[in-house]
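Enquirer: below: sequence and its predicted model.
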Amino acid sequence: MEYGLIGAKLGHSYSKIIHEMLCGYHYDLCPLPTEEEARAFLTRRQFKAINVTIPYKKLVMEYCSYIDPRAKAIGAVNTVVNKNGLLYGYNTDYMGFAHLCDAHGVNFAGRTVLILGTGGTHNTTSAVARDKGAAKVLTVSRHPDPEKGELSYAEAVSSGAQIVVNTTPAGMYPNVGVCNLDVAAMPGLEAVVDVVYNPDKTELILRAEEAGVPVAVGGLEMLVAQAVYAAEYFLDRKFEDAPVEIAASPPHCAATC
C-alpha cells in the first residue's frame, strides 16, 4: 500500500473519494479491527504515508521516530509519513477543525466550550478552542471521572456552555439517530459542531437546528480540509492554494460521489 487510511471501522469513510479526487494518487482503506492487527501493520511499515482514525491516533505515536510538536502536545497523530523506514507523525485534524470553525464563524473567544468524548479528537478540538481564546473547556463522558473534572451528559445540560463540540462516534453511520445530549434544554447555545461527517447532519446537528442554534455544522468540511493538509505531508510539498483546494472540494461533492 502506498497511501491510505487505517482505523478499526472504515465503512463510513469518504477519505478515499476525497484524496483521490484532490491528488490523483491511489488511496486504500485498510480496516484493522483489533489493536493486534494495527500493531502488526505499523511494525511492517509497508506504506509511503497514511492517515489514522479511531481508535489508533494515540497508539500510532509509539511507532513514530519523530512527532510534530503540535501533535505531541495534543497527544494524537492522524497523519504518518514513512521516510526510509522511519515514521514521522503529524496532526492535520487541528488545521481541519480550525478551518471548519473559521469557515462557519464559530467564535471561541471568552466562551465556555463543552466537548463530548475523551479520545484523541477531544484533545485536538480542545487545543483549537483554547488557542482561539476559549474561557473554559469542559469534558463530557458517558463514564465521567470526577477527579479529572469530567461531566456526565445530564450535568452537561446545565453547564452554561455556549459551544458544543462532539468528538464521539455517536450518530455516525450506520448508527444514525443517536444523540446523547439534550441541546434543546441548553439555552444560550451559539454553536454546535460535530466532527462526525457521515451522515452530513447527525441527530445532534438536526436537534440543534430544530432548537434554533445559530451555527450547527457537521464535520465533512473538516475532513476535506485535513485531507488537503495531509496530502501536503504525503507529497512533501505545500499547496499554495490550499484554501482554494478545500473550497473546490465542497462537502456535498464528497457526500454524493
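Expert: Cool, the structure landed.
Enquirer: and the nearest residue to Asn107 once chain neighbours are set aside, how many residues sit next to it?
Expert: Computed as CB to CB, 6 or more residues apart in numbering, the closest residue to Asn107 that is not its neighbour in sequence is Glu190, at 7.4 Å. All C-beta spots, glycine's among them, are computed from the backbone N, C-alpha and C. Counted with other CB atoms under 10 Å, residues neighbouring Glu190 total 16.
Enquirer: you'd agree Glu190 is up against Arg111?
Expert: Yes - between Glu190 and Arg111 a contact is recorded at 7.1 Å, counting by CB atoms under 8 Å.
Enquirer: now the common contact residues for those two.
Expert: Gln162, Ile163 (CB atoms under 8 Å, 6 or more residues apart in numbering).
Enquirer: beta partners of Val193?
Expert: Beta bridges link Val193 to Val165, Val217 when assigned by DSSP bridges.
Enquirer: distance of it from Thr168?
Expert: Noted for Val193: a distance of 13 Å to Thr168, by CB to CB, to the nearest Å.
Enquirer: same deal with Met21?
Expert: 28 Å.
Enquirer: for Ile205, same thing?
Expert: 14 Å.
Enquirer: what's the answer for Tyr56, then?
Expert: 16 Å.
Enquirer: how far does the helix ranked longest in the chain sit from the chain's center?
Expert: Determined from DSSP state H, the single longest helix within the chain is helix 220-235. Mean-position distance between helix 220-235 and its chain equals 11 Å (CA atoms, centre = their mean, to the nearest Å).
Enquirer: can I get it in CSV? Just the C-alpha atoms.
Expert: Output in CSV follows, covering the C-alpha atoms of helix 220-235 (Å, rounded to 0.1, in the frame of the first residue of the first chain):
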residue,chain,number,x,y,z
LEU,A,220,-17.4,16.9,6.4
GLU,A,221,-15.7,20.2,5.7
MET,A,222,-13.1,19.4,8.4
LEU,A,223,-12.4,16.0,6.7
VAL,A,224,-11.8,17.7,3.3
ALA,A,225,-9.6,20.4,4.9
GLN,A,226,-7.5,17.9,6.9
ALA,A,227,-7.1,15.8,3.8
VAL,A,228,-5.6,18.7,1.9
TYR,A,229,-3.2,19.4,4.7
ALA,A,230,-2.3,15.7,5.0
ALA,A,231,-1.7,15.5,1.3
GLU,A,232,0.9,18.2,1.7
TYR,A,233,2.8,15.9,4.0
PHE,A,234,2.2,12.9,1.8
LEU,A,235,3.7,14.6,-1.3
